[in-house]
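Chemist: structure for this input, please:
(4 chains)
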Protein chains: 2
Amino acid sequence: MARKHATIHDIAKKAGVSSSTVSRALQDNPVINDKTRERIKALASKLNYQPNVLAHNLRKGRSKMVGVLVPRIDHHFFSSVIGGIEKVLNEAGYNVLILQALDSVEKEVINVQSLLEQRIAGVLASPLALSTDNKHYQKLVRNETPLIFFDNTHINMPVSMVLNDDYKGSRLATEHLIEQGCKRIIFLGGPRENYIYKRRFEGFMDVMAEHKLKVDEDLIFNRRLDFISGNEVAEIIMKQKVMPDGAFSVTDHQAIHLMQALKRVGVKIPKQFAITGFSNADYSSIIEPSLTTIDQHSLEMGTLAAKMLLEEFELRKANQFIPKKIYLNPELVIRQSSLRKK
Amino acid sequence: MARKHATIHDIAKKAGVSSSTVSRALQDNPVINDKTRERIKALASKLNYQPNVLAHNLRKGRSKMVGVLVPRIDHHFFSSVIGGIEKVLNEAGYNVLILQALDSVEKEVINVQSLLEQRIAGVLASPLALSTDNKHYQKLVRNETPLIFFDNTHINMPVSMVLNDDYKGSRLATEHLIEQGCKRIIFLGGPRENYIYKRRFEGFMDVMAEHKLKVDEDLIFNRRLDFISGNEVAEIIMKQKVMPDGAFSVTDHQAIHLMQALKRVGVKIPKQFAITGFSNADYSSIIEPSLTTIDQHSLEMGTLAAKMLLEEFELRKANQFIPKKIYLNPELVIRQSSLRKK
DNA sequence: CTGAAAGCGCTTACAG
DNA sequence: CTGAAAGCGCTTACAG
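Modeler: Got it, this is the predicted structure:
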């Protein structure tokens, strides 16, 4: 391990003062004599003194580190949210510890445990929600560690959260497809236990019902496309007696794979078949045709979540904390993949 | 802040034993009586005891946390490397603290400082290298904090590193273009101070010279495409008396933007103009035509770097540490954008 | 303006 | 097998 670092005690000895004085000088405590302070500071930098945050936090009983839990960092959405979080928290003097669950609830549990042991100041989490198990998050609540959910959530926990209005986003995309003349729209979903996908499904179904459009059970693909490939879905589509004319996908990833599979078998996009995705991934604008999708204001979600956490710190001190929910307005980004009327 | 957590002392009091005994019991020290241990463990879990890692590390003089510094996490390459790092380090009982510099040397310096203060066990870093300033990394070296560079580097520091053989990757791509019949190839580069881009430039130039192909100074775009758009480059290309027939780009991102700009003005890719990128970004396979590029084995780079760090821990203990460099073999991934001969 | 002392929550060498 | 004591590196209430 690293060489022994210089300590406050070392500096004190060399300077011929007490540790108390050194500690105060380094903190710019105005009570210390100017000359003494300067002498101590010079000595500290000469000795290459690095404050020991471990000891500092232990003594102060709190840390300036916030944990951020995400399913994975290699999704543009999450890295963008994290960008927003870091911006706000760094300015407020907090460090951010990023942990990814990599789609494993087990790892998510380990990550929460690790944050708990680090005596982290607070946690910002986008829970996996692959299972309804939330004992690990309950543990944080029980320890009164400030916790904010973003993007995804365990909806009934007494925790503040900033969510995308998935229901509304889903409505926007579906209405857009209908407006473009689609009548027979397929649904590419995700696991229903996941609150997000549940809401997107509901938005889709409601709009379809309002427009008295039939939804064929066979054309609801309600799981991740990891399990059913774009090619397979395309094949099923091509076998239909009445050819479907559009698809609403709950992710951009699925939408693109379906689009490419359909192109391969000669379907013209968007002329014969319109497609919309969800979440405005970075590649959704560079593929061709570019993908119509729902933007979730990821950066803003990050800054908002971070601000809520800082606010919660204050409110808890005053014993006035009450959880609140904020819904962000999703935005329809119209691109080429859905524009049948030009 | 969080409610006061239960401590070893609290458990000891309730159990009617000393803190020493509790500490030993929780560590499964075999010297402790089985019944006592069980009683203590039951009590600990009943009190919802969470070990305080801060205190633990302070006492032990080391932490089980490793810092990972990257320019940004929203590049597939880096998130993939991080995936590899986490896999190896988590298995070895280490936590990973991810920090991003967001293209700011200033933030990189702050991040290193923060790791230093956390008394981190070691650091894995992909330095920005926008400037030649490496004082912050020198500080880590001086403190004998194990440090590994990956992907990018300050080449002359006494630090172990695992690098992509950028020179060779660049050669592969250039040779491929020549093999496909390109004679007048343009170069889309990045800032020359960056060791990576420097090497890619050298590889390109050497191969061109070996094949006695002329490189027009006007067709070397040696900076990021952020500053000169795909459209601008396309415009310059179209103005040439002898039309260039290929481009080697040091990033996929630039390659794609140029490709789209050229398509917009009617150039047929790859028939009239072949393009290769670098680093096999996730979207390079889904765009059309799909992009020929150089894969850098990002996951392997991560696992290797992590293993080197673990090894360095051991070597330092035995006072046998000597820095070493490992170069990974880049791989040419041939796709549609460059295939002029079919 | 400065210092001695206590304590944050742990671990461990030493003694019994 | 168990405990008292010291100490990791800090900060701060108290005293002067």
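
Chemist: and the residue of the stretch 151-300 of chain A that's closest to DNA strand D?
Modeler: The minimum distance from the stretch 151-300 of chain A to DNA strand D, using C-beta to the nearest atom of the strand, falls at A:Ser160 (28.1 Å). (Glycine included, C-beta is placed from N, CA and C.)

Chemist: for that residue, which non-adjacent residue is spatially closest?
Modeler: Nearest in space to A:Ser160, with sequence neighbours left out and distances taken as C-beta to C-beta, 6 or more residues apart in numbering or on different chains, is A:Pro323 at 4.7 Å.

Chemist: same check, this time on A:His297
Modeler: Nearest non-adjacent residue to A:His297 (C-beta to C-beta, 6+ apart): A:Leu328, at 5.3 Å.

Chemist: so what pairs up with that neighbour in the strands?
Modeler: Beta-bridge pairing for A:Leu328 (DSSP bridges): A:Asn164.

Chemist: what separation do you get for it and A:His76?
Modeler: Counting by C-beta to C-beta, to the nearest Å, the gap from A:Leu328 to A:His76 is 17 Å.

Chemist: then A:Ser298?
Modeler: For A:Ser298 relative to A:His76 (C-beta to C-beta), the value is 8 Å.

Chemist: ditto for A:Met238
Modeler: 31 Å.

Chemist: what sits opposite the residue of the stretch 151-300 of chain A closest to DNA strand D in the beta ladder?
Modeler: A:Ile148.

Chemist: what sits against it?
Modeler: By C-beta atoms under 8 Å, 6 or more residues apart in numbering or on different chains, A:Ser160 lies in contact with A:147-149, A:308, A:312, A:323-326.

Chemist: show me which of the residues you listed neighbour DNA strand C.
Modeler: With C-beta under 7 Å from any atom of the strand as the criterion, these include none near DNA strand C.

Chemist: returning to what we had before: can I assume the residue nearest to A:Ser160 sits in a strand?
Modeler: No: using DSSP: H, G, I helix; E, B strand; the rest coil, the assignment for A:Pro323 is coil, not a strand.

Chemist: does it touch A:His154 like I think?
Modeler: No: between A:Pro323 and A:His154 there is no contact under C-beta atoms under 8 Å: 11.9 Å.

Chemist: who has more neighbours out of A:Met238 and A:His76?
Modeler: Comparing A:Met238 with A:His76 by other C-beta atoms under 10 Å in any protein chain shown, the one with more neighbours is A:His76, at 21 against 14.

Chemist: so the more buried one sits against A:Asp282, correct?
Modeler: Yes: in terms of C-beta under 8 Å, A:His76 counts as a neighbour of A:Asp282; the distance is 4.4 Å.

Chemist: now do the shared contacts for the two.
Modeler: With C-beta under 8 Å, 6+ apart, A:His76 and A:Asp282 have common neighbours B:Asp74.

Chemist: correct me if wrong: A:Val250 contacts A:Arg192.
Modeler: No: the pair A:Val250 / A:Arg192 is not scored as a contact, 10.9 Å apart, by C-beta under 8 Å.

Chemist: common neighbours of those two, please.
Modeler: A:Phe201.

Chemist: can you give me the neighbour number for A:Thr153?
Modeler: The burial count assigned to A:Thr153 is 22, neighbours taken as other C-beta under 10 Å.
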